[in-house]
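Participant: No sequence on hand, only this structure:
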């Protein structure tokens, strides 16, 4: 029996907690410390914990639980109210980074004619930048007590839509390069998933409502809720080609109006806080490997990080301003949308498999994930500093 993973789990949990507490002492969100912990124990520094399929799967459970909890804590009325705004913000959050990525690659390696190999590679760099990872932002907003606020709900809604649009864009780009891909089919599958989620979700909600009424505040409810989370995550990815995190978030949305929604979230938080959450955040640091960096690649990577983060702030921030958000709130939306994580990695790996991305640029993606994951919580905390807590925060 392989028992090495016990050692890895012990080290990850210990270091994540220690550095999380250190970050808290320094007035930074604990997730920053957990990411730094992964960097230190990973291949980049100490090398005492390596990547493995087991840890990758545990980290995936971690992000699913995080998204499920975020869905449970969502104010459904506020979500529906921010729907049109979220769609517009998400579209801007895809379009501006896509253009920025294409422009960055073209400035470094030359402007290629439309339809050429170089053109598709440049566009794909932009496609990587379109992905938004809400896992870090969700945890930060939860720590700050702002997840249910007007801005927090907009960020959550826009990020989910952003990833759906990003996946569609990815499919189109791959479809243009590989004729066997079917972009129209992916669009149809995406729409079908949300139709499926709406119809089935309504039925499931009614069933849970009856169970909740008959057996209030009993553990069978969060257990069934967890099963729903994993089931919808599987269905979304397996049958509709949608990211599993979207399915987990939708599962939370379905149950968020239950009387016991807070009780379910409380039970989920125990597993997430103690085990799966630290593994997810530490895994970001574990994936970082800076060996083999050339001066040119380092310069490109720095430009990649800056462009990716700034274009999200510009696109999402300006679009939110067009819908009535002002001052700091616009910055909060832009900064909240600039984190990259698992979706950016998935997109990058897909690019590698179809020849749209050279392996050497994968380090740039990792650097973007690390920088955005560390910077975003710190900046978000500064933007909220001194503001009273409330529903509209």
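Facilitator: Received, thanks. A quick note: this is a predicted structure, and the numbers were derived from the prediction, not measured.
Participant: Could you list the buried residues of the longest helix seen in the chain?
Facilitator: Counting residues, the longest helix found in the chain (DSSP state H) is helix 183-214. For helix 183-214, the neighbour count (16 or more other C-beta atoms under 10 Å) marks 183, 186, 189-190, 193-194, 196-197, 201, 204-205, 208, 211-212 as buried. Where you see a C-beta, it was placed from the backbone N, CA and C, and this is true even at glycine.
Participant: and of those residues, the nearest to residue 169?
Facilitator: Within the buried residues of helix 183-214, the smallest distance to residue 169 is 9.2 Å, found for residue 183 (C-beta to C-beta).
Participant: Which pLDDT value does the model give the closest one?
Facilitator: Confidence at residue 183, expressed as pLDDT, is 67.
Participant: Neighbours of residue 173, how many?
Facilitator: Residue 173 has 23 neighbours, counted by other C-beta atoms under 10 Å.
Participant: which helices and strands does the helix or strand where it lies pack with?
Facilitator: Residue 173 is part of helix 150-177 when elements are defined by DSSP states H and E. Contact partners of helix 150-177 among helices and strands, from 3 or more C-beta pairs under 8 Å, 6 or more residues apart in numbering; DSSP states H and E: helix 76-81, helix 83-109, helix 117-130, helix 134-144, helix 183-214, helix 244-255, helix 328-336, helix 342-354.
Participant: Apply 6 Å and report the result again.
Facilitator: With contacts taken as 3 or more C-beta pairs under 6 Å, 6 or more residues apart in numbering; DSSP states H and E, helix 150-177 sits against helix 76-81, helix 83-109, helix 117-130, helix 183-214, helix 328-336, helix 342-354.
Participant: if I read this right, residue 73 contacts residue 146, doesn't it?
Facilitator: No. In this structure, residue 73 is not within contact of residue 146 by C-beta atoms under 6 Å, at 10.8 Å.
Participant: Let me know whether residue 96 touches residue 311 as I believe.
Facilitator: Yes. Counting by C-beta under 6 Å, residue 96 touches residue 311, with 4.6 Å between them.
Participant: Any regions of the stretch 51-200 of the chain where pLDDT drops low?
Facilitator: Applying pLDDT under 70 to the stretch 51-200 of the chain flags the ranges 78-79, 175-183.
Participant: Need phi/psi at the residue nearest in space to the middle of the chain.
Facilitator: The chain has residue 133 as the residue nearest its centroid, 2.0 Å off, counting by C-alpha atoms, centre = their mean. Main-chain torsions, residue 133, degrees, to the nearest 10: phi -110, psi 110.
Participant: Next up, the contacts around it.
Facilitator: Residue 133 is in contact with 339-341, 343, counting by C-beta atoms under 6 Å, 6 or more residues apart in numbering.
Participant: any idea of the mean pLDDT in the helix or strand just after the longest helix of the chain?
Facilitator: Reading on from helix 183-214 to the C-terminus, the next helix or strand found by DSSP H and E is helix 220-240. Averaged over helix 220-240, pLDDT sits at 92.
Participant: Same question for stretch 363-374.
Facilitator: Stretch 363-374 shows an average pLDDT of 83 in the prediction.
Participant: residues in contact with that stretch?
Facilitator: Contact with stretch 363-374 is made by 32, 35, 136, 284, 287-288, 301, 304-305, 308-309, 338-341, 344, 348, as judged by C-beta under 6 Å, 6+ apart.
Participant: for that stretch, the distance to its chain's centre please.
Facilitator: Distance of stretch 363-374 from the chain centroid (C-alpha atoms, centre = their mean, to the nearest Å) equals 13 Å.
Participant: right, and residue 135 touches residue 63 too?
Facilitator: Yes. With contact defined as C-beta under 6 Å, residue 135 reaches residue 63; the gap is 5.1 Å.
Participant: which stretches of the stretch 251-393 of the chain form helices?
Facilitator: Secondary structure of the stretch 251-393 of the chain (DSSP state H, counting those that start in this stretch): helices at 261-271, 277-286, 295-322, 328-336, 342-354, 362-384.
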